[in-house]
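# would you be able to build a 3D model of this:
(chains A and B)
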Amino acid sequence: MKKKLVYIFIGLIAILFQTSVIPVVTETKMPGDSVIMAALAWSILDGFFAFFPWAILLGLLYDIISYSPIGMHVLVILPVLYFVSFFSRRFTMESKGVRIVLFIVFVVSVTIFSRIILFLVNSWGNLSLNGFWKIFASPAGIVWQLAHNFVLFFFWFFVIKKCKEFFKIES
Amino acid sequence: MQRFTKTKLFVVLVASAIFGLIVYFNPVSASNSIRSGLSVFTLPFQKVFYSFSVNVQNTMDFLSSIGEIKKENEQLIREKQELVAENASLKEVGNENELLREQLNLLPRARYDLVPAFIVSEDPGNSGNWIEIDRGSEDGMTEGMPVIVSKGILVGKIKDVGLKSSKVILLTNPTSAVNAMTLENSSKGVAKGEYGLGIIFDMVLQTDSIQAGDNVVTSGIGGEIPRGLYVGKVQEVRPSDDHLFQQAIVISPIQPSKLKIVFVVKGVKQ
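Numbering: from 1, shown residues only, chains lettered A, B, ... in the order given. As a prediction, the model looks like this:
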């Protein structure tokens, strides 16, 4: 019960952060995605099967609160979870330096992958690629989003790890 | 085969297929009901978060512009003096305007039934597509109601209505299309959004006159949005892609991400 309450609370905070804070304080188009970075950090900390149901719940809540097509962010988060699970053993075996490099690879891959999925779903909905390319594929936009996502990822990794230690939550 | 069904890949493929179908069929009514219920809990927090963020953003803007404030202050003092003189002559013009509005049957702005609303969230991709306000069906909101700020600057119109909140699509949203015209020559067209990048005043006849600096307002055609709400100023005129019409890039005077309060035009006072 404690785990459910803490996880739902953290998930809602990540979503509210993404809908009511980040678009206001950052003036760039396509700012970082707090929810997807939180999901990435959670995947690393909890592992595939432990986080799987939460990944679906987080994606659905995000879609509902952000007026996105239902299931869109689930389609982003599930492959992220699967991708991370390939490297789960390396986190315990490798040195800290290799772990940081892995984290950087994750953030870059997930950022580009999420842009592609969101681009495809939104283009499908609007039946047009025109104009979207200017936002979704601009190099400056991608660089800014990567910079935001690095900060957000390490923030959520730290917060979720500390919350799990504080509330003594097992994966 | 049994081993494969227990693998992570199989689980992800099945789940992705299910949610892919859900995205394809997009059950809007079901999601609206769930959103209405969820907003009872999330709305107070969204209001606090959003309000705090706007204050932080305004403070950051202020700190970054301190050096220019003194110069701007001196310029404003000069402009104020000029405006005092202009105001005197405009009072006469204002009287004439009232007379003309009566003759043309235009709605005086003071007769709009306005409902104030706080903004609680916006498009998380920051693409200038939509904002969410804290007024819903229990406040009498319905789809299509225009949303304005100040004394009549159009921000967008209501698209999805929940119990306590509503989604407002902005003029820069690609699905937004508003019948508009220029104030100077009454050249008619459609103001469409361009993925948060701006507003395009499209489908203006080649024979109509339109130039940079013209003011674009709503034309009232169709009856959904009252006539005379300000859209923006023309920045550049160009031919449309098919060369059948003229197009203009229109710049709105407002930045929705810096707003805290907007007004929904519920109707016209009798």
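# how far away from the center of its chain is the host helix or strand of residue B:167?
Residue B:167 is part of strand B:166-170 when elements are defined by DSSP states H and E. Taking C-alpha atoms, centre = their mean, to the nearest Å, one finds strand B:166-170 lying 8 Å from the centre of the chain it belongs to.
# now do that strand: which elements does it pack against?
Counting by 3 or more C-beta pairs under 8 Å, 6 or more residues apart in numbering or on different chains; DSSP states H and E, the packing neighbours recorded for strand B:166-170 are strand B:130-133, strand B:153-161. In short, each C-beta sits where N, CA and C put it, glycine included.
# ok, the shortest one: who's next to it in the sheet?
Neighbouring strands of strand B:130-133 in its sheet, by DSSP bridges, are strand B:112-122 (antiparallel), strand B:166-170 (antiparallel).
# helix, strand or coil for the nearest residue to residue B:222 once chain neighbours are set aside?
Excluding the flanking residues, the one nearest residue B:222 by C-beta to C-beta, 6 or more residues apart in numbering or on different chains is residue B:179, at 5.5 Å. Classification of residue B:179 using DSSP: H, G, I helix; E, B strand; the rest coil returns strand.
# so residue B:179 makes contact with residue B:223?
No - using C-beta atoms under 8 Å, residue B:179 is not in contact with residue B:223; the gap is 9.6 Å.
# with neighbour numbers in mind, choose between those two.
A side-by-side neighbour count of residue B:179 and residue B:223, using other C-beta atoms under 10 Å in any protein chain shown, places residue B:179 first with 18 against 8.
# buried deepest among the helices and strands packed on strand B:166-170, which one?
Greatest average neighbour count among those goes to strand B:130-133 (a mean of 26), per mean count of other C-beta atoms under 10 Å in any protein chain shown.
# now do the helices in chain B.
Secondary structure of chain B by DSSP state H: the helices cover B:2-5, B:8-25, B:28-64, B:66-104.
# how about the strands of the stretch 101-250 of chain B, start to end?
Secondary structure of the stretch 101-250 of chain B by DSSP state E, counting those that start in this stretch: the strands cover B:112-122, B:130-133, B:146-149, B:153-161, B:166-170, B:177-182, B:188-193, B:199-205, B:215-218, B:230-239, B:245-251.
# report the central residue of chain A.
Compute the mean C-alpha point of chain A, and by C-alpha atoms, centre = their mean the closest residue is residue A:36, 1.2 Å away.
# hmm, back to that, any idea what the residue nearest to residue B:222 is bridged to?
Taking DSSP bridges as the rule, residue B:179 bridges to residue B:190.
# for it, give me its contacts.
Residue B:179 is in contact with B:188, B:190, B:191, B:218, B:219, B:220, B:221, B:222, B:225, counting by C-beta atoms under 8 Å, 6 or more residues apart in numbering or on different chains.
# separation between residue A:153 and chain B?
Note on residue A:153: its distance to chain B, by C-beta to the nearest C-beta, to the nearest Å, is 16 Å.
# nearest spatial neighbour of that residue, chain-adjacent residues omitted?
Nearest non-adjacent residue to residue A:153 (C-beta to C-beta, 6+ apart): residue A:37, at 4.3 Å.
# burial count for the one you found?
Neighbour number of residue A:37 under other C-beta under 10 Å is 28.
# quick one: classify it as helix, strand or coil.
Following three-state DSSP, residue A:37 is assigned to helix.
# same question for the one 5 residues further on.
Three-state call for residue A:42 (three-state DSSP): helix.
# picking up where we left off before, closest to residue A:43 out of the contacts of residue B:179?
Nearest to residue A:43 among the contacts of residue B:179, counting by C-beta to C-beta, is residue B:191 at 43.6 Å.
# so what's residue A:60 up against?
A:70, A:71, A:73, A:74 are the contacts of residue A:60 under C-beta under 8 Å, 6+ apart.
# can you redo those as TSV with distance to chain B and secondary structure?
As requested, those are exported to TSV (distance: C-beta to the nearest C-beta, whole Å; DSSP: H, G, I helix; E, B strand; the rest coil):
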residue	distance to chain B	secondary structure
A:70	5	coil
A:71	4	coil
A:73	9	helix
A:74	5	helix
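# of all the residues you listed, which two lie farthest apart?
A:70 and A:73 (9.3 Å).
# find residues that contact each of these two.
By C-beta under 8 Å, 6+ apart, the residues touching both residue A:70 and residue A:73 are A:60, A:63.
# pLDDT below threshold where in the chain?
Defaulting to chain A. Within chain A, the ranges that satisfy pLDDT under 70 run A:28-29, A:88-95, A:124-137, A:171.
# looking at chain B here, not the other one
B:1-6, B:78, B:81-82, B:84-89, B:91-92, B:95-96, B:98-111, B:151, B:270.
# most centrally placed residue in it?
Closest-to-mean residue, chain B, C-alpha atoms, centre = their mean: residue B:155 / 2.4 Å.
# thought that one was touching residue B:171?
Yes - with contacts counted by C-beta under 8 Å, residue B:155 reaches residue B:171, the gap being 7.1 Å.
# which neighbours do those two have in common?
Counting by C-beta under 8 Å, 6+ apart, no residue touches both residue B:155 and residue B:171.
# from residue B:19, how far out is the nearest residue to residue B:22 once chain neighbours are set aside?
Of all residues not flanking residue B:22 in the chain, residue A:71 sits nearest, at 4.0 Å (C-beta to C-beta, 6+ apart). Taking C-beta to C-beta, to the nearest Å as the measure, residue A:71 falls 4 Å from residue B:19.
# anything in contact with each of those two?
In contact with both residue A:71 and residue B:19: residue A:59, using C-beta under 8 Å, 6+ apart.
# what ranges does chain A have for its helices?
Using DSSP H, the helices of chain A run over A:2-20, A:22-25, A:34-46, A:48-65, A:72-85, A:88-93, A:96-126, A:132-136, A:139-166.
# buried residues, the last one. List them.
Meaning helix A:139-166. Going by neighbour count (16 or more other C-beta atoms under 10 Å in any protein chain shown), the buried part of helix A:139-166 is A:141-142, A:144-145, A:148-150, A:152-153, A:155-157, A:160, A:164.
# could the residues you listed be laid out in a markdown table, adding distance to residue B:250?
Formatted as a markdown table, the buried residues of helix A:139-166 follow (distance: C-beta to C-beta, whole Å):
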| residue | distance to residue B:250 |
| --- | --- |
| A:141 | 23 |
| A:142 | 28 |
| A:144 | 26 |
| A:145 | 28 |
| A:148 | 30 |
| A:149 | 33 |
| A:150 | 37 |
| A:152 | 34 |
| A:153 | 38 |
| A:155 | 39 |
| A:156 | 39 |
| A:157 | 44 |
| A:160 | 45 |
| A:164 | 51 |
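# between which two of the residues you listed is the distance greatest?
The most distant members of the buried residues of helix A:139-166, if one measures by C-beta to C-beta, are A:141 and A:164, lying 33.5 Å apart.
# quick one: name the residues of the stretch 151-270 of chain B near chain A.
B:160, B:167, B:174, B:175, B:194, B:195, B:196, B:197, B:257 (C-beta under 8 Å from any C-beta of the partner chain).
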